[in-house]
Each structure stands twice: as structure tokens, then as C-alpha cells.
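Chemist: I would like to see how this sequence folds:
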Amino acid sequence: MIVSQDPATEEVLARFEEDTDERIESALADAQRAFEVWRATSFAERGGGLRRLAAVLRAEAEHYARLITLEMGKPISESRAEIEKCALGCEHFAEHAARYLADEPIATSAARSFVAYEPLGVVLAIMPWNYPFWQVIRFAAPAIAAGNAAVLKHASNVPQCALALQEAFAAADLPPGLLRTVLVEGSGVERLIGDGRVRAITLTGSSATGERVAALAGSALKKTVLELGGSDPFIVLADADVAAAATTAARARMQNAGQSCIAAKRFLVEASVAREFESLFADAVRALKVGDPLDPATQVGPLARADLREALDVQVRESVQAGARVVTGGERRAGRGWFYEPTILADVTPEMPCCATRPSARSPRCTA
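Modeler: As a prediction, this is how the structure comes out:
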């Protein structure tokens with residue numbers, strides 16, 4: 001059973017039976033048929049389809065934004081921005097795909113030599129929940145502009161977003177099956193990767209999942225694109241505008257409740273400005289409004305799942321036990337919903353659970 005649950009209230013929004021083998025076979029067959037038609041279209045036709053998709057996204061922006069917020073908890077203002085970013089992404093590839101994929105002449109002794117880009121086929125996308133529309137569109141728009149079709153295996157906590165994306169493609173009058181959603185848990189991915197109609201796989205997720213997907217795809221000699229996150233440093237040197245750095249740091253860390261692969265994650269501050277930065281950073285974080293993500297004034301919503309909050313709480317508590325100092329936050333919020341107070345830990349060292357990297361003993365100490 002795949003469950004859609006509101007992170008802000010813990011209310012169950014919908015339940016879905018996992019797709020049967022027959023439904024998965026139907027999705028793959030539909031995608032392959034769509035590819036056979038779509039691969040023969042011109043860039044102008046593909047661009048027209050992507051522009052229609054952008055128009056659908058904008059026309060239904062409020063509905064889609066609300067769905068994002070209800071399923072994974074980000075503030076509604078961020079959900080609206082996500083939908084607009086999706087529309088812009090569709091329009092970008094509609095405009096530029098022909099140039100990106102134009103034949104590239106190569107100088108050789110032959111009468112004519114060139115590199116040509118041909119459609120691959122059906123692309124399997126294994127996507128995360130943190131940007132449930134954008135993560136899909138950022139792969140689908142260029143893949144479809146290049147003449148491919150797609151099968152989407154989305155994160156299990158955003159099934160309604162996954163289905164809504166498929167419906168948006170249909171509403172844009174794109175070929176049936178050009179993007180097909182399958183509702184399966186992670187254990188169903190191996191079958192999808194092994195199917196001969198799937199010619200490439202793209203994943204955004206954890207390193208552990210990436211290793212497994214890469215091994216399965218490699219054994220079948222299938223192309224992969226893996227985006228496995230990171231541990232991005234935010235570095236403040238002594239000559240910085242410390243006030244501006246602190247304000248920027250608060251948003252860089254807390255956007256999407258911190259659930260972003262490109263969020264600032266480690267704050268490395270030169271000692272001479274560390275105390276000033278810490279104070280201003282803490283003030284900026286405390287000033288963020290935490291609450292109902294459907295309220296336009298809210299800046300930080302809940303975490304997306306209960307287990308994510310539990311893991312964060314364990315990291316914080318164990319890091320404090322190991323010597324980290326709580327500057328602000330450090331606690332779950334009382335009441336319903338998977339809220340956690342925006343938190344800053346100082347005096348962090350690489351061996352602490354909250355430090356995502358394990359640099360050598362000679363690496364600089366984290367000061368905030």
C-alpha cells in the first residue's frame with residue numbers, strides 16, 4: 001500500500017494499491033508505443049508540446065502547488081515557485097533543444113564527418129520527494145525534447161504528485177504514454193531497470209540507492225545519470241559582509257525546511273568573525289516563521305516524513321552529547337505534524353553525527 005500523508009497534520013490523504021505486474025507491463029508498453037511515434041517528430045512539434053505543457057502547469061498552478069504542499073509539506077509560496085520553474089524549464093527546452101542537439105561537424109579526412117544525437121528510447125526516472133514536480137520536469141523536459149519517452153517511478157510519499165504529472169502531460173495533448181507513472185515501492189525498481197524497453201535510467205537520491213541502481217544498470221549496459229546530493233559548504237571569510245552572509249545563510253539552509261540537495265549544509269567561518277556571524281545567523285533563523293505550510297506567510301514547514309524528523313532528532317541529540325553546542329532550536333515542535341525547530345549547532349567537529357563529511361584530522365574545524 002502506498003500512502004499519501006500530510007506532514008503538517010499527519011492526516012492520511014489517500015491510499016493507493018501498488019501497481020500489479022499487468023499495470024506495469026501496460027505502462028511500459030504505452031511508453032514504448034509513444035516513443036515510436038514521438039521519435040519521428042520534429043523539434044518544432046516537440047517544442048509545441050512542451051509549450052502546451054508549460055501552459056497547463058501555469059493554468060493549474062494553484063492546484064498543483066497545493067498538492068505539493070499537502071503531500072510533502074513545503075510552504076505554499078515555495079510550491080508556487082516550483083510550478084513556475086517547471087513551466088520555465090519546459091519553455092527553455094522548447095526553445096533551445098534544436099540548437100543543443102544539432103549535428104556537430106567534425107574535421108576528418110572523410111568527405112563529411114559529424115556527431116549526431118538520436119533518441120534513446122524509454123527513460124526510467126527514479127525521483128525524490130523534495131521537489132516533486134521540478135525533479136520530474138528537469139529530466140522529462142530535455143528527455144522529451146530529444147525525442148524520448150519516460151516512465152516515472154516517484155517517491156512513495158508523493159503518489160498524488162506523480163499521478164498529477166501524468167495527467168498534465170495528457171492535458172497538454174502529448175501522445176498517450178509519453179510519460180507514464182508507475183506506483184511501486186523501491187523493490188519494484190529492479191524489474192523496471194531490467195526490462196528491455198527501458199534504455200536509460202536517471203536517479204536523484206541517496207548514495208546507497210545510486211550504487212544499487214548503477215550496478216543493476218551496468219549489468220544490463222544501460223546508460224545512467226545519477227544525482228546523489230552532497231554536503232555543500234558555506235564559507236564566510238573575514239572580509240565578508242557578515243550581516244548579508246548571515247541573512248543569506250538562513251535562507252540557504254532553511255529553504256524547503258532544509259530538504260534540498262543544493263542547500264548550504266556546513267558553515268565554515270573564519271575565527272575573527274565567527275562570533276558576529278553566529279549571533280546574526282541565529283537571529284535570522286529565529287526570525288523565520290514556522291507553521292502551517294498552506295499559510296502564505298510561513299517560511300518553514302514540517303519535514304516530509306516522520307522517520308526524517310526522528311533521524312534528525314537523533315543526529316542533534318548525539319552531536320550535543322559529543323560536545324556540539326545548541327545555538328538555537330534543537331527540539332521537536334509540540335503538537336501534530338512532523339515539525340522540528342530550525343536549529344544551529346556550533347563547535348561541531350567532523351566525527352559528530354551532524355557532520356555529513358569525514359575529512360582528515362587536519363581539516364578546519366566547523367565553527368557554526
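Chemist: neighbours of E118, just the number please.
Modeler: Neighbours of E118 under the rule other Cβ atoms under 10 Å: 9. Where C-beta positions appear, they are placed from N, C-alpha and C, glycine not excepted.
Chemist: Surely it is within a helix?
Modeler: No: residue state for E118 (DSSP: H, G, I helix; E, B strand; the rest coil) corresponds to coil; a helix is not indicated.
Chemist: secondary structure class for the closest residue to it other than its chain neighbours?
Modeler: Among residues not flanking E118 along the chain, G147 sits closest, at 7.7 Å (Cβ to Cβ, 6 or more residues apart in numbering). Three-state call for G147 (three-state DSSP): coil.
Chemist: got it, and V327?
Modeler: Per three-state DSSP, the secondary structure class of V327 is strand.
Chemist: my read: it touches D283, true?
Modeler: No: under the criterion of Cβ atoms under 8 Å, V327 is not in contact with D283, lying 10.4 Å apart.
Chemist: Determine the longest helix present in the protein.
Modeler: helix 76-100 (DSSP state H).
Chemist: Packing partners of whatever helix or strand comes next after that one?
Modeler: With elements assigned by DSSP states H and E, the helix or strand that comes after helix 76-100 is strand 104-105. The contact analysis (3 or more Cβ pairs under 8 Å, 6 or more residues apart in numbering; DSSP states H and E) places strand 104-105 against strand 114-115.
Chemist: Pull the distance from the strand it packs on to the chain's centre.
Modeler: 34 Å (Cα atoms, centre = their mean, to the nearest Å).
Chemist: Return the alpha-carbon coordinates of the following helix or strand past it using PDB.
Modeler: Later in the chain than strand 114-115, the nearest helix or strand by DSSP H and E is strand 122-126. Extracted in PDB, the C-alpha atoms of strand 122-126 (Å, rounded to 0.1, in the frame of the first residue of the first chain):
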ATOM      1  CA  VAL A 122      12.200   4.900 -22.900                       C
ATOM      2  CA  VAL A 123      13.900   6.600 -19.900                       C
ATOM      3  CA  LEU A 124      13.200   5.300 -16.400                       C
ATOM      4  CA  ALA A 125      13.200   8.100 -13.800                       C
ATOM      5  CA  ILE A 126      13.500   7.300 -10.100                       C
END
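Chemist: Would you list the strands that strand 122-126 pairs with, along with their directions?
Modeler: Counting by DSSP bridges, the strands paired with strand 122-126 are strand 149-153 (parallel), strand 198-204 (parallel).
Chemist: Show me the contact partners of that strand.
Modeler: Contact with strand 122-126 is made by 28, 31-32, 35, 136, 139-140, 143, 148-153, 189, 192-193, 197-205, 209, 213, as judged by Cβ atoms under 8 Å, 6 or more residues apart in numbering.
Chemist: Try it again at 6 Å.
Modeler: Outside strand 122-126, the residues that touch it by Cβ atoms under 6 Å, 6 or more residues apart in numbering are 31-32, 35, 139, 143, 148-153, 192, 197-203.
Chemist: Show me what the mean pLDDT comes to for it.
Modeler: Across strand 122-126, the average pLDDT comes to 98.
Chemist: For that strand, what is the distance to the chain centroid?
Modeler: What separates the centre of strand 122-126 from the centre of its chain is 15 Å, taken as Cα atoms, centre = their mean.
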